[in-house]
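Colleague: Build the 3D model from these lines:
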Amino acid sequence: MTEYILNLASLTGWVLKIYSWMHIAAFVLSWINADQNNAIVSLINRSTMPLWNWVGQKLPNKFVPFAPIFALMLVIFGEITAPGVIRSLGATVGGTIGVEIALKNIVFYLVYGGLYIVSNIIGFIFFLSVVWFVFTLVNPPLNNPIIRSIMFLIDPFITPLQRVLPRAKIDLSPLVLALITFFLREIVGKMMIPIQAGLVV
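Modeller: Numbers count the residues shown, from 1 in each chain. Now for the predicted structure:
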């Protein structure tokens, strides 16, 4: 029974990992206007769009365009927590750990998964801010779909900084945002260390 549960946990993790990569592929395909009649493109879209639409329905209107990112984060959260929850329950059924320890372990997995998602979102904003700073130096064509997508994603974070920062020949707001997100991710990373150390199975 214990071996079966461990295999189930491993299988769940791999399925969710593959599904997360399908979301990333769908996001990239949306940039390059891929042929929707292609069998692989169609499979990826049919597998990911229902979750994108469901997440979009749960978000406030101004955050709906971010539904693909939130959907990906939700899948990654499941990829981290679901196998750990299954292993914790399996260890309890197998008599390896008690119910109280198993419940504590599950809570630790959920908290760790949440912090991991926060860290990834912060890291994604850091990446966008660095890319956008490079773009401000080379003046890329704004009609490029990738440029427009990055500008759309980073604008809610850049615009408030531009209002408070002094004007200069070079837009410093992406660099300031990069510094802020870098230190925030360091803080979240340090919070994750003791939680990860407290995981039993």
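Colleague: most remote residue from this structure's center?
Modeller: Largest separation from the mean C-alpha position in the chain: Gly95, at 34.6 Å (CA atoms, centre = their mean).
Colleague: SS state for that one?
Modeller: What DSSP: H, G, I helix; E, B strand; the rest coil gives for Gly95 is coil.
Colleague: That one and Ala178: what is the separation?
Modeller: Distance of Gly95 to Ala178, given as CB to CB, to the nearest Å: 50 Å. All C-beta atoms are positioned from the backbone trio N, CA, C, and that covers glycine.
Colleague: now swap in Leu153 and tell me
Modeller: From Leu153 to Ala178 the distance is 14 Å (CB to CB).
Colleague: how many other residues sit next to the closest residue to Gly114 other than its chain neighbours?
Modeller: Once flanking residues are discounted, Gly114 sits nearest to Phe77: 7.1 Å by CB to CB, 6 or more residues apart in numbering. Phe77 has 18 neighbours, counted by other CB atoms under 10 Å.
Colleague: again, but for Asn105
Modeller: Neighbour number of Asn105 under other CB under 10 Å is 22.
Colleague: Spit out the contact partners of the nearest residue to it once chain neighbours are set aside.
Modeller: Computed as CB to CB, 6+ apart, the closest residue to Asn105 that is not its neighbour in sequence is Ser88, at 4.4 Å. When contacts are counted by CB atoms under 8 Å, 6 or more residues apart in numbering, Ser88 touches Ile97, Ala102, Leu103, Asn105, Ile106, Tyr109, Val200, Val201.
Colleague: Please repeat the previous calculation with a cut-off of 10 Å.
Modeller: Going by CB atoms under 10 Å, 6 or more residues apart in numbering, Ser88 touches 5, 9, 96-97, 99, 101-109, 199-201.
Colleague: Same question for Arg46.
Modeller: Ala26.
Colleague: which secondary structure element contains it?
Modeller: Per DSSP states H and E: Arg46 is located in helix 39-58.
Colleague: in that helix, what counts as buried?
Modeller: Within helix 39-58, the residues scored as buried using 16 or more other CB atoms under 10 Å are Ile44, Asn45, Thr48, Leu51, Trp52, Val55, Gly56.
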